[in-house]
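no sequence on this one, just coordinates:
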């Protein structure tokens, strides 16, 4: 049985240098986030950008819902992979970071594809359900306390074979630490167990960035 490779910074850099090239505005967002201190961890990894790009292209996804915008890297990444008639709605309650994200979307000429909604995501999800909106992909990368709520609310917004992708499910590797009883770590552990036991989807955790859970609605 083969063993998984341990990814250090040198290998990660090699992978990024031999994979898809980022758009200049994607690189600009990453550079901007470097100066934000600890909250820069809210940004997805470059390897996750590449993965989202390819899965959107190969799955012929046209309509995306994102929960958690931050400064816009993941939304811009997904929008760039969409066809010209594709669209993306992204939800976040932070007006300041939303304005920053919107400015990046405009610089990348993606603002016509991307709609931002600024208010608590749970409220926005209820509004979208009332409007009977449907998406091919829901990407969840927001407050971890509400992951289960976001996941459950997403089911009415996708059809059979629709995808839900959730970030940070490996939580810096701490999900495997039986001695870590930190509140957020426990929340992620409980969420992963909940998804794995859910009969409405088949799921796979892949170790890129801080861990993606890929769920297909059955």
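The structure has been received and is ready for your questions. Computed from a predicted structure; not experimentally measured.

Residue 132: what secondary structure?
Recorded secondary structure, residue 132: coil (DSSP: H, G, I helix; E, B strand; the rest coil).

Quick one, grab the pLDDT at it.
Note for residue 132: predicted pLDDT of 96.

Would you list the phi and psi of it?
As for residue 132, its main-chain torsions (degrees, to the nearest 10) stand at phi 60, psi 40.

Tell me how many other residues surround it.
8 (other C-beta atoms under 10 Å). The way it works is simple: take the backbone N, C-alpha and C, and place the C-beta from them, glycine included.

With residue 205 instead?
Per other C-beta under 10 Å, the neighbour tally for residue 205 reads 16.

what ranges do the helices span in the protein?
Chain-ordered helices for the chain, with DSSP state H as the definition, fall at 9-17, 24-33, 46-58, 73-81, 95-107, 121-130, 147-154, 183-196.

Out of the ones you listed, point me to the one whose mean pLDDT is lowest.
In terms of average pLDDT, helix 9-17 trails the rest of the helices of the chain, at a mean of 89.

Show the secondary-structure elements that that helix is packed against.
Counting by 3 or more C-beta pairs under 8 Å, 6 or more residues apart in numbering; DSSP states H and E, the packing neighbours recorded for helix 9-17 are helix 46-58.

quick one: which of the helices of the chain is nearest residue 172?
Nearest of these to residue 172, taken as C-beta to C-beta: helix 183-196 at 8.9 Å.

what angle separates that closest one from helix 147-154?
For helix 183-196 against helix 147-154, the angle by axes from the mean of the first three to the mean of the last three C-alpha atoms, to 10 degrees is 30 degrees.

What residues of helix 183-196 count as buried?
Across helix 183-196, burial judged by 16 or more other C-beta atoms under 10 Å covers 185, 187-189, 191-192, 195.
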